[in-house]
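Peer 1: The following block contains a protein sequence and its predicted model.
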Amino acid sequence: DGGITQSPKYLFRKEGQNVTLSCEQNLNHDAMYWYRQDPGQGLRLIYYSQIVNDFQKGDIAEGYSVSREKKESFPLTVTSAQKNPTAFYLCASSIGAGGIRRNEQFFGPGTRLTVL
Amino acid sequence: SQQGEEDPQALSIQEGENATMNCSYKTSINNLQWYRQNSGRGLVHLILIRSNEREKHSGRLRVTLDTSKKSSSLLITASRAADTASYFCATTTFTGANSKLTFGKGITLSVRP
């Protein structure tokens, strides 16, 4: 899982509550990403950030929010507006995302979120 | 939107056999990457092949890329039970100064001891 940590590993939430997933990296990477993984759907990009204090929506950003106040940290908040939040959430980082010829991503171990 | 499509969706082989997994994509790419995911864990990067390369090797892995057919294959030779995992192809496309990595749905590989 490289130098990326995600916490907690398992998270339970009641409907109507916001919850924040943590992602920290010590790889000195500029770019960070959040993906959602559902069975049989592969990975879908929620948000990404190429640099501190900047982030962009991915393919399924509705109901999610992020911040990037520090290079090492990229927390994801799953809001009550997300209609089907139960999923496996993966955080990743890469050296860069723009104009970089080698852009392989390093993933954290994931957080499994269950809405009760 | 799905860029990479892996084939087959599931593959079961005997230990010691070779495993071949395929990936097709729709639009021009800058590079193609293969990742591995053990059950309930994060993805691990295996190999990257650029659009101007045709074949790359890494240990027991061999990746080919045919840009005219928009397809790639991942070969794992002399498979082991520990190779049991899901394998994903991911394609990089560049739009201006930004790049986007798009993952396929994955192939589930089972290696029987």
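Peer 2: Arrived safely.
Peer 1: which stretches of chain A form strands?
Peer 2: Counting by DSSP state E, the segments of chain A that form strands are A:4-7, A:10-13, A:19-25, A:31-38, A:42-51, A:54-57, A:64-66, A:76-78, A:87-94, A:106-107, A:111-115.
Peer 1: List the contacts of A:Ala81.
Peer 2: A:Glu62, A:Gly63 (Cβ atoms under 8 Å, 6 or more residues apart in numbering or on different chains). Using the backbone N, CA and C atoms, a C-beta is placed for each residue, glycine as well.
Peer 1: Need the pLDDT of it.
Peer 2: The pLDDT attached to A:Ala81 in the predicted structure is 88.
Peer 1: do the one 5 residues further on as well
Peer 2: Looking at A:Thr86, its pLDDT is 95.
Peer 1: For chain A, give me the ranges with low pLDDT.
Peer 2: A:1-2, A:97-102 (pLDDT under 70).
Peer 1: Give me the most central residue, it.
Peer 2: In chain A, the residue lying closest to the centroid (Cα atoms, centre = their mean) is A:Trp34, at 2.4 Å.
Peer 1: What separation is there between B:Thr92 and chain A?
Peer 2: Distance of B:Thr92 to chain A, given as Cβ to the nearest Cβ, to the nearest Å: 6 Å.
Peer 1: quick one: which helix or strand includes that residue?
Peer 2: strand B:85-95 (DSSP states H and E).
Peer 1: got the contact list for that strand?
Peer 2: A:42-43, A:99, A:103, B:3-4, B:6, B:21, B:23, B:25, B:27-39, B:43, B:46, B:72, B:74, B:99-109.
Peer 1: Filter these down to the ones in strands?
Peer 2: A:42-43, B:6, B:21, B:23, B:31-37, B:43, B:46, B:72, B:74, B:99-103, B:107-109.
Peer 1: For chain A, what's the nearest residue on chain B?
Peer 2: B:Gly42 (3.5 Å; Cβ to the nearest Cβ).
Peer 1: Can you tell me, leaving aside adjacent residues, what's nearest to that residue?
Peer 2: Excluding its sequence neighbours, the residue lying closest to B:Gly42 (Cβ to Cβ, 6 or more residues apart in numbering or on different chains) is A:Phe107, at 3.5 Å.
Peer 1: does that neighbour really touch A:Ser94, like I thought?
Peer 2: No. A:Phe107 sits out of contact with A:Ser94 when judged by Cβ atoms under 8 Å, with a separation of 10.2 Å.
Peer 1: Count the neighbours of whichever residue of chain A sits closest to chain B for me.
Peer 2: Closest contact between chain A and chain B, by Cβ to the nearest Cβ, is at A:Phe107 (3.5 Å). Per other Cβ atoms under 10 Å in any protein chain shown, the neighbour tally for A:Phe107 reads 23.
Peer 1: Tell me what it is bridged to.
Peer 2: A:Ala92 (DSSP bridges).
Peer 1: just B:Tyr35 next, same as before
Peer 2: Taking DSSP bridges as the rule, B:Tyr35 bridges to B:His45, B:Phe88.
Peer 1: Nothing else from me, thank you.
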